[in-house]
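Novice: Just to be clear, the model below is a prediction. Sequence and coordinates:
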Amino acid sequence: DSGVTQTPKHLITATGQRVTLRCSPRSGDLSVYWYQQSLDQGLQFLIQYYNGEERAKGNILERFSAQQFPDLHSELNLSSLELGDSALYFCASSGIGGNYNEQFFGPGTRLTVL
Amino acid sequence: GIQVEQSPPDLILQEGANSTLRCNFSDSVNNLQWFHQNPWGQLINLFYIPSGTKQNGRLSATTVATERYSLLYISSSQTTDSGVYFCAGRYYGNNRLAFGKGNQVVVIP
């Protein structure tokens, strides 16, 4: 158990819909990262937040947005869903202990868009 | 961004065999991690190894930062070692991890 939690584990929805994925980082970690894993693109970085502020952006679509709340949990919002958005979405966190750069991953949310 | 190449892409091992997985980076990294993705999709941290050698049970890893590569050794493989192994690097001035495409390992009894 990495200490990072994600809900829900599975999500099935239809094209055009909007969903919210939730992540709670390890206790004390200030950084939260979102990654997408798809068959064709592999594991790709989407976005990072540090203590409530956006810190870095990757190949995140404009239809996707994220935020980190004062209690440090984060949400990834995916809207106008398309079939190609079906993927495994991971949240990771880092920030405490000696290896403060080491990222620990949650179990992921498997999104299926029908 | 940095390119991460992993080899071999696929590997079939007899239980008890040893193997070496390799990861090459196109640029210098200051953070390198190895992960195991199990059949349920979970990414398990194996090593945080920007440089040097570490061992954890039957697994060990070596990173030669100056030559931009890392190796993961699996000894006396077991069926539970099956899955996909990913290496990921973070280059200077950037916090994101860039992942390779993975090494698909199947250990047969």
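Specialist: Ah, there it is.
Novice: can I assume residue A:35 is in contact with residue A:43?
Specialist: Yes: the pair residue A:35 and residue A:43 passes the contact test of C-beta atoms under 8 Å, sitting 5.6 Å apart. Every residue, glycine included, has its C-beta placed from N, CA and C.
Novice: what residues are shared contacts of these two?
Specialist: residue A:90 (C-beta atoms under 8 Å, 6 or more residues apart in numbering or on different chains).
Novice: contacting residues for the residue most central in space within chain A?
Specialist: Centroid-nearest residue in chain A, with C-alpha atoms, centre = their mean: residue A:34, separated by 3.2 Å. Going by C-beta under 8 Å, 6+ apart, residue A:34 touches A:23, A:45-48, A:60, A:66, A:74, A:76, A:89-92.
Novice: repeat that for 10 Å
Specialist: A:21, A:23, A:44-49, A:58, A:60, A:64, A:66, A:74-76, A:89-92 (C-beta atoms under 10 Å, 6 or more residues apart in numbering or on different chains).
Novice: repeat for residue A:79
Specialist: A:16, A:17, A:18, A:19, A:20, A:61, A:62, A:63, A:64, A:65, A:85.
Novice: Check those for burial and list the buried ones.
Specialist: The neighbour-count test (16 or more other C-beta atoms under 10 Å in any protein chain shown) applied to those identifies A:19, A:64, A:85 as buried.
Novice: Okay, the last one and residue A:61: tell me how far apart.
Specialist: With the distance defined as C-beta to C-beta, to the nearest Å, residue A:85 ends up 8 Å from residue A:61.
Novice: shared neighbours of these two, anything?
Specialist: A:36, A:78, A:79.
Novice: Take those and write them to TSV, including secondary structure.
Specialist: What follows is those, written out as TSV (DSSP: H, G, I helix; E, B strand; the rest coil):
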residue	secondary structure
A:36	strand
A:78	strand
A:79	coil
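Novice: Near residue A:67, how many residues? Count them for me, please.
Specialist: By other C-beta atoms under 10 Å in any protein chain shown, 15 other residues sit near residue A:67.
Novice: Identify the bridge partners of it.
Specialist: On the basis of DSSP bridges, residue A:67 is bridged to residue A:75.
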